[in-house]
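K.L.:
starting from these lines, generate the structure:
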Amino acid sequence: MMEDNQSRFWNSPLTSIAVFLVTILVLGLVYVFQLPDTDSAGSDDVLSGLPEPDLPFIQFPDSMGWAPPDWSMVDVSSDTLTFGALRGKVVVLNIWASWCFPCVVEMPALAELQERLGDDRFAVVLLGEEEPQAIERFSKREVVALPLYADASARPPLFQVPSLPVTFVIDPDGVLRGVQVGAVNWNHDPTISYLQSLAR
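P.N.:
Got it, this is the predicted structure:
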């Protein structure tokens, strides 16, 4: 009986999500201690010093999770976007905050990624960890080449992160394919090739 209970515990979806979130937290702490000294470097210097993505990212089985089609976000212009509308595209979902310096430094690289991939089969989505009003204030003082979103509906537990920034790679069927913890330079040829391989 005890062995059956233990088996059910380790095989339950909640346990998988908990292990996933702890993994992100640990990797996020490691990343923070590796950050360059931002007091003595400008944002351009820090951007040029960002590491390359950890290909092929943190990988999980298909059963790990997916983005529900009714999960919705709203941008600073009050336009709504649902994950259902993104089906058929590879989505690079970046979770960020205005108070997170590495998040802000990473944004130009994410904009370059979208430009290189095009928008026919790919979408780079910047989802803030703050209220829409805070994101709107940020958009007025920072020029960002991509729309900035806030949650418009409850975020699925799998995408509630304990550290920032975190970027999820979601395939055209809405299945989570990989996770990148920490800011990276997304203008990276092997990363481009990997994302293109996920597209239909």
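
K.L.:
now the spatially most central residue of the chain: phi and psi?
P.N.:
Closest to where the C-alpha atoms of the chain average out (CA atoms, centre = their mean) is Thr167, at 2.1 Å. Dihedral pair for Thr167: phi -120, psi 130, per degrees, to the nearest 10.

K.L.:
wait, what's in contact with it?
P.N.:
Applying CB atoms under 8 Å, 6 or more residues apart in numbering, we find Thr167 in contact with Val92, Leu93, Asn94, Ile95, Val179, Gln180, Val184. C-beta: built from backbone N, CA, C; applies to glycine.

K.L.:
let's have those residues in a markdown table, adding distance to Val161 and secondary structure.
P.N.:
Formatted as a markdown table, the contacts of Thr167 follow (distance: CB to CB, whole Å; DSSP: H, G, I helix; E, B strand; the rest coil):
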| residue | distance to Val161 | secondary structure |
| --- | --- | --- |
| Val92 | 15 | strand |
| Leu93 | 11 | strand |
| Asn94 | 11 | strand |
| Ile95 | 5 | strand |
| Val179 | 9 | strand |
| Gln180 | 11 | strand |
| Val184 | 15 | coil |
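
K.L.:
let me know the closest of the residues you listed to Val144.
P.N.:
Asn94 (11.2 Å; CB to CB).

K.L.:
show me the helices in the chain, by range?
P.N.:
2-11, 13-34, 43-48, 101-117, 132-141, 189-198 (DSSP state H).

K.L.:
if we can go back for a sec, could you dump the contacts of Thr167 to JSON lines with pLDDT, distance to Asp173 and neighbour count?
P.N.:
Putting the contacts of Thr167 into JSON lines (pLDDT from 0 to 100; distance: CB to CB, whole Å; neighbours: other CB atoms under 10 Å) gives the following:
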{"residue": "Val92", "pLDDT": "97", "distance to Asp173": "15", "neighbour count": "23"}
{"residue": "Leu93", "pLDDT": "97", "distance to Asp173": "15", "neighbour count": "22"}
{"residue": "Asn94", "pLDDT": "98", "distance to Asp173": "20", "neighbour count": "24"}
{"residue": "Ile95", "pLDDT": "98", "distance to Asp173": "21", "neighbour count": "22"}
{"residue": "Val179", "pLDDT": "91", "distance to Asp173": "17", "neighbour count": "23"}
{"residue": "Gln180", "pLDDT": "93", "distance to Asp173": "20", "neighbour count": "22"}
{"residue": "Val184", "pLDDT": "94", "distance to Asp173": "25", "neighbour count": "21"}
